[in-house]
Structure formats: C-alpha cells, structure tokens
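Task: produce atomic coordinates for the following.
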Amino acid sequence: MPDPIITLTSDFGTSDHLVGALKGVILSINPAARIVDINHHVPPFDILSGALTIANTCNYYPPRTIHVVIVDPGVGTQRRPLLVSGQKQYFIAPDNGVLSLILERESCIVQHITAEHYFLNPVSPTFHGRDIFAPTAAWLSKVWQTEAFGEEITDYARFAIPKAKAAGKSIKGVVLHVDAFGNLMTNLTAEDVPEAAIASGAVKLSVNGKEIQKLARTFASGTPGEPIAVFGSAGFLEIAVNHGSAARTLGANRGAEVTLNFA
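Okay, here's the model as predicted:
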C-alpha cells in the first residue's frame, strides 16, 4: 500500500508556527505520511471560503486521502470535531459547516470524534488543530478503522450555497469568492445562462451597476481593462479582467449582487 496522503487546509497563514506544529504531530505518529498543503491562506474565520477550497480540490487526490480542514472560529467551544467518510476519501474538520459542499454532493458517514486516547494530552482549548485534528488524521492513516474514533451522528452543521434566482427577465446571483487575481466567482452556472448567449459570446451582466457584455472562453480573450465573463474551472461563471482585477475595476467583493439580463 502506498504511503498515506494527508492534506492540510486552514486559515492559519504561514508566518507563525501553527502549520509546522500540525506537521510535526502527524509525522511523530506516522513518519510515512505524505503531507500536502492545499491552502493556509483561507481568509480568517471564513467558513465559506474554506468549504469552497476543499470542495474544488479534493477530487483531484487519490482514494483514501485524508483531508484536514481547519477553519475554526469556534475552537474550544462545544462545537464537535468530525470525521467524515466520503465515497473515496476522508475529511477531518470542526462541525461548523466547512464540509457542507462535500456533504451536499456525495453520500457520507459523519462521526463525532470522541476517542480521546488519539488526542495529544493535554488538549489546548485554543489549538485543536494540533491536539485533536492532526493526531486523529495521523492515527487514521495508520489504523484505517473509522469506527474506533466515535459514534455516527446526523445533526451536523451544514449550509447551502445560495442559488441564483429568476427575477422577471433576469436572474439574480451573487459573488461567492474573489481569488488572488481579483476574479469574481459567482454562483451562476452554465444552466443559468441562455444557450444563445453561450453560442454568440454576448451577455448582459451587471455588477454594481457596471455592465459586462462579453462571454469569453479564456481570461486572455478580453482587451486589457475590459471586464469579461468566463466559465471557470470550478463550473461557475466568473468575471475577470485581462491583466487586471475585476474586483477593483468593478468595485465589487464577495456578496455583491450579479444580474444576468435576458432582454
């Protein structure tokens, strides 16, 4: 059997000792583990961004990969640590909805992690990533017996990504995420965009009262400074500016309303 893969996603950043401590704990328990950093720059406390990050990444990893997702503003409170067994992979995270998109798209078994003999001792109320999540992942990668970690539950926290809604001769959506390039990822999908617009490359989108009229195949298809719409790799309609930032150009951020007009 190949060495187990354990991925890490967090809002810890990389300027402190936190990520290094997680890796040390994992390797002390299972030196054969291969640790992969997915993203440690999820915006602080941003559960939606954490959920999008892991959902848009995990399918590209081999079966039996263990994903540790720590965006945990409720650390030390009564919120529960979870072990989620998906169809092919495992997820370890706080019970705050950060795994909502995983739970929405596939059948999963969700367990409340209560087997304290797998934790570091003592457990810090401010660093469950080090003392609960990392050692649980490491021990799972050795024993592969999920039933040993806790009882199955069904009342776990989850949320749904807001869906685009029809409004007369238009569809209303929102910006879900702004990436490092300033691209605006909306919640509109190809199903929301008329086939004629996709075929012609002409759309009528508006964000913050500013119009986007071109639906392109690539980010480089727009002229510099021109906002365009592109179907991104995650399947959502994105608004981008060639060699620029759509967020700055349009004065938009996450939560901004996006309108697709059919007229």
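
going forward, measure contacts between C-alpha atoms and count neighbours the same way
Fine.

how far is stretch 139-147 from where the chain is centred?
Centroid separation for stretch 139-147 versus its chain: 24 Å, with Cα atoms, centre = their mean, to the nearest Å.

and that stretch, average pLDDT?
Mean per-residue pLDDT for stretch 139-147: 97.

Report the buried residues of it.
139-141, 146 (16 or more other Cα atoms under 10 Å).

okay if I get those as TSV plus distance to F12?
Shown next, in TSV, are those (distance: Cα to Cα, whole Å):
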residue	distance to F12
W139	22
L140	23
S141	23
T146	27
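
Run through who's touching stretch 107-114.
The contact list for stretch 107-114, computed with Cα atoms under 8 Å, 6 or more residues apart in numbering, reads 80-87, 149-154, 156.

rerun that using 7 Å as the cut-off
Stretch 107-114 is contacted by residues 80-87, 149-153 when judged by Cα atoms under 7 Å, 6 or more residues apart in numbering.

Kindly report the same for stretch 73-82.
Residues contacting stretch 73-82 (Cα under 7 Å, 6+ apart): 45, 92-95, 110-113, 125-126, 128.

Now which of the residues you listed would you call buried?
The buried subset of these (16+ other Cα under 10 Å) comprises 45, 92-95, 110-113, 128.

Give me the subset of the residues you listed lying in strands.
92-94, 110-112 (DSSP state E).

could these go into a markdown table alongside distance to I171 and pLDDT?
As requested, these are arranged in a markdown table below (distance: Cα to Cα, whole Å; pLDDT from 0 to 100):
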| residue | distance to I171 | pLDDT |
| --- | --- | --- |
| I92 | 36 | 98 |
| A93 | 34 | 98 |
| P94 | 34 | 98 |
| V110 | 35 | 98 |
| Q111 | 39 | 98 |
| H112 | 40 | 98 |
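
For T259, name its beta-bridge partners.
K172, S206 (DSSP bridges).

quick thing: my sequence starts at 772, can you match it?
Shifting the count to begin at 772 puts that one at T1030.
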